[in-house]
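Engineer: All I have is the shape, not the residue letters:
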């Protein structure tokens with residue numbers, strides 16, 4: 001008797017499943033097709049992005065080879081092209097290298113390109129600070145300390161990646177402007193930062209020795 005009931009239950013379950021399938025089969029099939037299409041689309045997107053990155057990497061290396069061959073005009077053109085067509089990472093690197101190529105023949109024009117990078121929030125804080133520092137280095141001989149401070153104060157903060165270089169440039173700019181108080185301020189920050197590179201620490205000590213002694217009160 002129990003076997004009969006089991007067969008009846010099994011038949012009932014089959015009938016229920018059949019009704020569910022008849023009612024929802026189109027939706028189930030459509031959902032499955034959408035899932036397969038989405039996975040295929042994502043895989044295709046990943047493949048295309050990887051291919052673009054590989055092509056951009058090869059073009060970037062080729063541009064660097066042009067620099068090494070002293071074909072500066074061709075290298076500059078190659079970096080400019082990458083700066084507009086490459087994926088975001090290579091695009092940012094190409095803009096930095098393009099600015100460097102321009103700076104080699106025209107420091108003011110190169111500094112302007114670095115300034116454009118420094119004001120571009122889409123590239124990230126570290127890259128912005130790097131651009132600020134490179135622009136400041138190009139203009140160190142022509143801009144006064146107040147302008148250098150405006151350029152580099154953000155990059156010289158305690159948590160900034162390139163703070164050491166920013167502080168060194170500010171100390172040097174202040175010293176050239178005969179602002180001994182400001183120069184000491186930046187040199188003290190360099191000396192008291194445990195992560196300051198040793199070579200930079202030595203340069204800071206040498207510059208500190210050039211400052212007049214602090215007047216006693």
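Structural biologist: That came through, no problem. Quantities reported herein were computed from a predicted structural model and do not represent experimental measurements.

Engineer: In three-state terms, label residue 161 for me.
Structural biologist: Secondary structure state of residue 161, per DSSP: H, G, I helix; E, B strand; the rest coil, is coil.

Engineer: Next, the closest residue to it other than its chain neighbours: secondary structure please.
Structural biologist: Nearest non-adjacent residue to residue 161, counting by C-beta to C-beta, 6 or more residues apart in numbering: residue 126, 4.9 Å away. Using the backbone N, CA and C atoms, a C-beta is placed for each residue, glycine as well. Put simply, residue 126 is helix when judged by three-state DSSP.

Engineer: go on, residue 158?
Structural biologist: Going by three-state DSSP: residue 158 is coil.

Engineer: So what does it have for phi and psi?
Structural biologist: phi -60, psi -30 (degrees, to the nearest 10).

Engineer: Which pLDDT value belongs to it?
Structural biologist: The model reports residue 158 with a pLDDT of 94.

Engineer: cool, residue 21 as well?
Structural biologist: Taking residue 21 on its own, its pLDDT is 66.

Engineer: so what's the residue nearest the centre of the chain closest to, chain neighbours aside?
Structural biologist: Taking C-alpha atoms, centre = their mean, the centroid of the chain lies closest to residue 127, which sits 4.5 Å from it. Leaving aside its chain neighbours, residue 127 sits nearest to residue 92 (5.9 Å; criterion: C-beta to C-beta, 6+ apart).

Engineer: about what we covered before: and the gap between the residue nearest to the centre of the chain and residue 104?
Structural biologist: 20 Å (C-beta to C-beta, to the nearest Å).

Engineer: Helix, strand, or coil at the nearest residue to residue 214 once chain neighbours are set aside?
Structural biologist: Residue nearest to residue 214 in three dimensions, not counting chain neighbours: residue 184, with 7.7 Å by C-beta to C-beta, 6+ apart. When classified by three-state DSSP, residue 184 comes out as helix.

Engineer: Tell me the spacing between residue 184 and residue 207.
Structural biologist: As defined by C-beta to C-beta, residue 184 lies at a distance of 10 Å from residue 207.

Engineer: same for the helix or strand where residue 108 lies, what does it pack against?
Structural biologist: Following DSSP states H and E, one finds residue 108 within helix 107-118. For helix 107-118, the packing partners by 3 or more C-beta pairs under 8 Å, 6 or more residues apart in numbering; DSSP states H and E come out as helix 88-105, helix 125-139.

Engineer: among those, which is the most enclosed?
Structural biologist: helix 125-139 (a mean of 21; mean count of other C-beta atoms under 10 Å).

Engineer: And it, what does it pack against?
Structural biologist: Against helix 125-139 (3+ C-beta pairs under 8 Å, 6+ apart) you get helix 88-105, helix 107-118, helix 145-152, helix 163-176.

Engineer: JSON lines for those helices, including mean pLDDT and distance to residue 30?
Structural biologist: As requested, these are exported to JSON lines (pLDDT from 0 to 100; distance: least, C-beta to C-beta, whole Å):
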{"stretch": "helix 88-105", "mean pLDDT": "84", "distance to residue 30": "35"}
{"stretch": "helix 107-118", "mean pLDDT": "93", "distance to residue 30": "48"}
{"stretch": "helix 145-152", "mean pLDDT": "95", "distance to residue 30": "58"}
{"stretch": "helix 163-176", "mean pLDDT": "96", "distance to residue 30": "57"}
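
Engineer: Thanks again, I'm all set now.
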